[in-house]
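Undergrad: Got a predicted structure here, sequence first:
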Amino acid sequence: MKILIGTTNENKFNQFSHIFDKFTQAVELFSLLDFDISDDVEEDGETLMENAKKKAMFFAQRSGLITLSDDTGLFVDALGGAPGINAKRWHAGTDKERCLKLIEKLRDIPEKERTCRYIGAIAVYDPSSAKFFEHQSTVEGYITNDFRGEAIFGYDQIFHSIYFDKNYAQLSEDEKMQLSHRGLGVDEFLKYMKNI
């Protein structure tokens, strides 16, 4: 099976490559670069799943391949759910600057009371059948005062997973696969494909 990973983010593509390698050798992955696709999709949906589906359909129609796309949001209880679905557009600047802004906004709240969750959505679109596979999952945690682990992207260095008692950026790829929407979503998608 040939699958296009519909993202311009190299780190995301590498994560999906690792996940698929762990689950199966029967899938050949392609990146947007393989199809010389440089377009970006405006993520203007009202939900994470709407954004993931929009991207999957767009890139599938451009490439002709089954396409997987995802979208992730960070929802902090003390901030009424912000940054939310607009996690990357919530504050201008780099990922580090967004993390620092979030820590600043939470400075008067004890660390373990800064409860939050990553919510991630995966959509896979098959252009031959015009059907979607959809998966969404949640990872609970809290925001730390300091940066831990190596910077990859997003808020991973300040998001503390309650499942592993580590910040997300400190987790191994195998640990992330156990609880992330990407790992869980790929697992569910492959089960789904076996049953159709």
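TA: Looks like it came in fine.
Undergrad: So what's the gap between stretch 59-67 and the chain middle?
TA: 19 Å (Cα atoms, centre = their mean, to the nearest Å).
Undergrad: avg pLDDT for that stretch?
TA: Mean pLDDT, stretch 59-67: 97.
Undergrad: What residues are bridge-paired with residue 134?
TA: Here residue 134 sits in beta bridges with residue 123, going by DSSP bridges.
Undergrad: where does it land on pLDDT?
TA: 97.
Undergrad: mind checking how far it is from residue 87?
TA: Distance, residue 134 to residue 87, by Cβ to Cβ, to the nearest Å: 20 Å. Any C-beta I mention is one placed from the backbone N, CA and C, and that applies to glycine too.
Undergrad: who's more crowded, the two?
TA: residue 87 (23 against 17; other Cβ atoms under 10 Å).
Undergrad: Report the contact partners of the residue nearest to that one when sequence neighbours are not counted.
TA: Using Cβ to Cβ, 6 or more residues apart in numbering and skipping the chain neighbours, the partner closest in space to residue 87 is residue 74 (4.6 Å). Taking Cβ atoms under 8 Å, 6 or more residues apart in numbering, we find residue 74 in contact with 83, 84, 87, 116, 117, 118, 154, 155, 159.
Undergrad: tell me, what residue is most central in this protein?
TA: residue 72 (4.4 Å; Cα atoms, centre = their mean).
Undergrad: tell me which element that residue falls in.
TA: Assessed by DSSP states H and E, residue 72 sits inside strand 66-76.
Undergrad: contacts for the helix or strand just after that strand?
TA: The helix or strand immediately downstream of strand 66-76 is strand 83-84, counting by DSSP H and E. Contact with strand 83-84 is made by 73, 74, 75, 76, 90, 91, 98, 102, as judged by Cβ under 8 Å, 6+ apart.
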